[in-house]
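Undergrad: Need a 3D model of the sequence below.
(one chain, ligands or ions: 1)
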Amino acid sequence: MAERRPLVAGNWKMNGLAAQSSEIAAICAWTEKHADKLAADMLICPPATLIMHFAPHMSGGVALGAQNCNAEKSGAFTGEVSAEMLVDAGASFIIVGHSERRAGFGERDADVKAKAQAVHAVAACAIICIGETAEERGLGSTLEVVGRQLEGSVPVGSSGRNTVIAYEPVWAIGANVTPSVDEIAETHAFIRAELHRILGGQADSIRILYGGSVKPSNAAEIFRVPNVDGALGGGASLKSQDFAAIAAAYLS
Ligand code: PGA
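TA: Numbers count the residues shown, from 1 in each chain. Below is the predicted model of the structure:
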């Protein structure tokens, strides 16, 4: 099985101003300090406005990412930002298909796939988000939904180099509840198997993150689940202390 270095990623969502530079500086300093013992990559995805602002100050190998992009390369799309622009600003990862974009901005699997392709085209890494709603879970359709989203959102040519999957049950996001570790294990194993079906051998190198109410108190047990290769955190990523405490589960 391919070796997958875990990824601890923070999604600031629509939060953060230039004054939050100190949070980034603290995360970089923590990562630098623990570099020898930290068995994970670190990533912060601030609002697009801050990527270029933070980029010159990154250290310790902490990467910068964006939260969304337009699938087009350039053109008359007022207000939109392309993958190339985000990479130009300093992003090396771009989140696509977050449930808040699927639910609030009408993004369908085909849109998510087009965005992931745009990310691949500029040699960045797409973090493709999938996950069932509370209603779908209640109907017992979690695996069916997740399978459909993978099939529809993951482009041909995806590999560990250009793609990360984030499994984020919608009902667990910002809700202070998570699935049980057994449920996470079942879903992540299913995602791995589906990736195999879609991509063949490349599937083993793709990191599958868990997202949804990850916090310092539950990170370690979630990270021990097979096929969990890190986390995508929202609320807890806004405070450098909490984010570092989550990553600390990967300290040896
Ligand atoms: P949360 O958000 O950690 O605040 O639940 C996760 C996400 O939406 O990526």
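
Undergrad: Burial check on whichever residue of the stretch 151-252 of the chain sits closest to the ligand, number of neighbours?
TA: Residue of the stretch 151-252 of the chain nearest the ligand, by CB to the nearest ligand atom: Gly234 (2.3 Å). Any C-beta I mention is one placed from the backbone N, CA and C, and that applies to glycine too. Gly234: 21 surrounding residues under other CB atoms under 10 Å.

Undergrad: gap between it and Ile198?
TA: Counting by CB to CB, to the nearest Å, the gap from Gly234 to Ile198 is 27 Å.

Undergrad: where does the stretch 1-150 of the chain have low pLDDT?
TA: Residue ranges of the stretch 1-150 of the chain with pLDDT under 70: 1-2.

Undergrad: Against Glu100, how distant is the residue of it at minimum distance from the ligand?
TA: The minimum distance from the stretch 1-150 of the chain to the ligand, using CB to the nearest ligand atom, falls at Asn11 (4.4 Å). The gap separating Asn11 from Glu100 is 9 Å, by CB to CB.

Undergrad: now do Glu72
TA: Applying CB to CB to Glu72 and Glu100 gives a distance of 21 Å.

Undergrad: Who has more neighbours out of the two?
TA: The neighbour comparison of Glu72 against Glu100 (other CB under 10 Å) goes to Glu100, with 20 against 14.

Undergrad: Look at the closest residue to that one other than its chain neighbours and tell me its secondary structure.
TA: Nearest residue to Glu100 in three dimensions, chain neighbours excluded: Lys13, at 7.3 Å (CB to CB, 6 or more residues apart in numbering). Using DSSP: H, G, I helix; E, B strand; the rest coil, the structure places Lys13 in coil.

Undergrad: Equivalent analysis for Gly10, please.
TA: At Gly10 the chain is in strand, as set by three-state DSSP.

Undergrad: what about it, how many neighbours?
TA: Quick note: Gly10 (other CB under 10 Å) scores 30 neighbours.

Undergrad: hang on, isn't it packed against Phe243?
TA: Yes: contact criterion CB atoms under 8 Å: Gly10 and Phe243 qualify, at 5.4 Å.

Undergrad: Give me every residue in the stretch 1-150 of the chain lying close to the ligand.
TA: Asn11 (CB under 6 Å from any ligand atom).

Undergrad: The stretch 151-252 of the chain too?
TA: Residues of the stretch 151-252 of the chain lying close to the ligand by CB under 6 Å from any ligand atom are 168, 173-174, 211-214, 232-236.

Undergrad: Give me the phi and psi angles of Cys129.
TA: phi -90, psi 140 (degrees, to the nearest 10).

Undergrad: What's opposite it in the beta bridge?
TA: Beta-bridge pairing of Cys129 under DSSP bridges involves Ala166.

Undergrad: And for it, the neighbour number?
TA: The burial count for Cys129: 28, using other CB under 10 Å.

Undergrad: Over to Ser159?
TA: Neighbours of Ser159 (other CB under 10 Å): 16.

Undergrad: Relative to Ser141, how far out is it?
TA: Separation of Ser159 from Ser141 (CB to CB): 29 Å.

Undergrad: just checking, which of the residues of the stretch 151-252 of the chain next to the ligand belong to strands?
TA: Those of those mapping onto strands are 211, 232-233, per DSSP state E.

Undergrad: Around the spatially closest residue to Ala124 that is not a sequence neighbour, how many other residues sit close by?
TA: Once flanking residues are discounted, Ala124 sits nearest to Val87: 5.2 Å by CB to CB, 6+ apart. Residue crowding around Val87 was assessed by other CB under 10 Å; the count is 19.

Undergrad: Which of the helices or strands spans Val87?
TA: helix 83-89 (DSSP states H and E).

Undergrad: mind listing what whichever helix or strand comes after that helix pairs with, with the direction of each?
TA: Sequence-wise, the next helix or strand downstream of helix 83-89 (DSSP H and E) is strand 93-96. Using DSSP bridges, the strands paired with strand 93-96 are strand 63-66 (parallel), strand 125-130 (parallel).
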